[in-house]
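In: I would like the atomic coordinates for the input below:
(one chain, ligands or ions: 2)
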Amino acid sequence: RGPAAATTDLAGRHVVVSAGGTREPLDPVRFLGNISSGRQGYAIAAVAAARGAKVTLVAANTELPDPAGVDVVRVGTALELRQAVLGAAATADAVVMSAAVADFRPAAFAAQKIKKVDGVEPAPVELVRNPDVLAEISAERARPGQIVVGFAAETNDALVNGRAKLARKKCDLLVVNEVGEDRAFGSANNEAVVLGADGSETPVPYGPKAALADLLWDLVAARFA
Ligand code: CTP
Ligand code: CA
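Out: Numbers count the residues shown, from 1 in each chain. Ligands and ions are numbered 1, 2, ... in the order given. Predicted coordinates:
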């Protein structure tokens with residue numbers, strides 16, 4: 001599929017994309033968060049809409065303009081993201097989980113701002129596990145033939161860790177990023193390998209996040225057929 005060949009190959013499809021990073025509140029003014037900007041997920045949503053899909057974008061704490069023709073649902077926490085994604089996934093042909101979902105949340109929320117007291121050590125923050133939305137969606141497959149795509153940002157042994165993650169999460173495709181300077185988090189560019197449950201391995205050369213998005217939809221569209 002060349003860039004010149006404008007196509008609406010995703011027409012008639014509903015796709016759900018999650019983007020951004022969840023925030024897990026500690027008190028009214030503080031949270032545990034991560035450095036995801038949401039740019040890769042937004043590019044994936046924008047490209048799907050441009051290729052004719054009906055797109056639901058579940059956006060966690062992003063500061064990006066709504067992509068044209070995309071239905072944006074805003075969420076804050078992992079639990080809110082889970083509810084929005086599971087709800088939209090009920091009618092989806094594909095679900096792409098590019099959001100950075102917090103693995104843990106504080107066990108308790110302090111209704112009032114946590115204060116420091118001179119001479120008193122701070123209390124440790126107790127954490128509990130958040131549900132794994134990607135694993136849940138993969139296991140449930142709200143529609144027969146639904147294609148599920150996960151993301152993995154790895155700092156080391158990206159391919160080995162990625163293969164293990166793909167098997168554990170039971171998704172169809174896993175986009176594996178090696179985190180680094182000028183790629184993945186916060187950057188306009190990305191470099192990745194897309195692993196398939198069928199054993200396939202598709203390298204994505206260093207380039208704009210929209211190029212990765214286009215290639216990803218090629219791989220998904222091939223699995224629709
Ligand atoms: N994910 C999710 N729900 C979570 C955590 C992660 O749906 N509670 C999804 C992410 O959106 C991503 C994929 O799972 O598509 C992989 O996230 P990652 O953090 O790399 O994987 P984890 O299984 O959480 O492994 P790790 O211990 O390396 O963080
Ligand atoms: Ca994680």
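
In: where exactly do the helices run in the chain?
Out: 39-50, 78-89, 133-140, 158-169, 209-224 (DSSP state H).

In: highest average neighbour count across those?
Out: helix 39-50 (a mean of 26; mean count of other Cβ atoms under 10 Å). (Glycine included, C-beta is placed from N, CA and C.)

In: hmm, back to that, TSV for the helices of the chain, including mean pLDDT and distance to ligand 1?
Out: What follows is those, written out as TSV (pLDDT from 0 to 100; distance: least, Cβ to the nearest ligand atom, whole Å):
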stretch	mean pLDDT	distance to ligand 1
helix 39-50	97	9
helix 78-89	98	6
helix 133-140	97	3
helix 158-169	95	6
helix 209-224	97	12
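
In: format those as a markdown table; extra columns: distance to residue 28.
Out: As requested, those are exported to a markdown table (distance: least, Cβ to Cβ, whole Å):
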| stretch | distance to residue 28 |
| --- | --- |
| helix 39-50 | 27 |
| helix 78-89 | 17 |
| helix 133-140 | 26 |
| helix 158-169 | 34 |
| helix 209-224 | 34 |
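
In: ok, so what distance separates residue 61 from residue 208?
Out: 23 Å (Cβ to Cβ, to the nearest Å).

In: please identify which of the two sits among more neighbours.
Out: More crowded of residue 61 and residue 208, by other Cβ atoms under 10 Å: residue 61, with 22 against 14.

In: wait, the more buried one sits on residue 24?
Out: No: contact criterion Cβ atoms under 8 Å: residue 61 and residue 24 do not qualify, at 10.9 Å.

In: which neighbours do the two have in common?
Out: Residues touching both residue 61 and residue 24 (Cβ atoms under 8 Å, 6 or more residues apart in numbering): residue 33.

In: now residue 62, nearest residue through space, not along the chain?
Out: Computed as Cβ to Cβ, 6 or more residues apart in numbering, the closest residue to residue 62 that is not its neighbour in sequence is residue 38, at 3.5 Å.

In: if I pick that neighbour, what's in contact with it?
Out: 19, 20, 21, 59, 60, 61, 62, 63, 64, 99.

In: and the helices of the chain: which comes nearest residue 147?
Out: Using Cβ to Cβ as the measure, helix 209-224 is the one of the helices of the chain that comes nearest residue 147, at 5.1 Å.

In: now do that closest one: everything it contacts.
Out: By Cβ under 8 Å, 6+ apart, helix 209-224 touches 1, 3, 9-10, 13, 15, 39-40, 43-44, 46-48, 51, 93-94, 96, 145, 147, 149, 172-173, 175, 188-190, 192, 194, 196, 202, 204.

In: ChimeraX command for the buried members of the residues you listed?
Out: Buried subset of the contacts of helix 209-224, written as a ChimeraX selection, criterion 16 or more other Cβ atoms under 10 Å:
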select :9,10,13,15,39,40,43,44,46,47,48,51,93,94,96,147,149,172,173,175,190,192,194,196,204
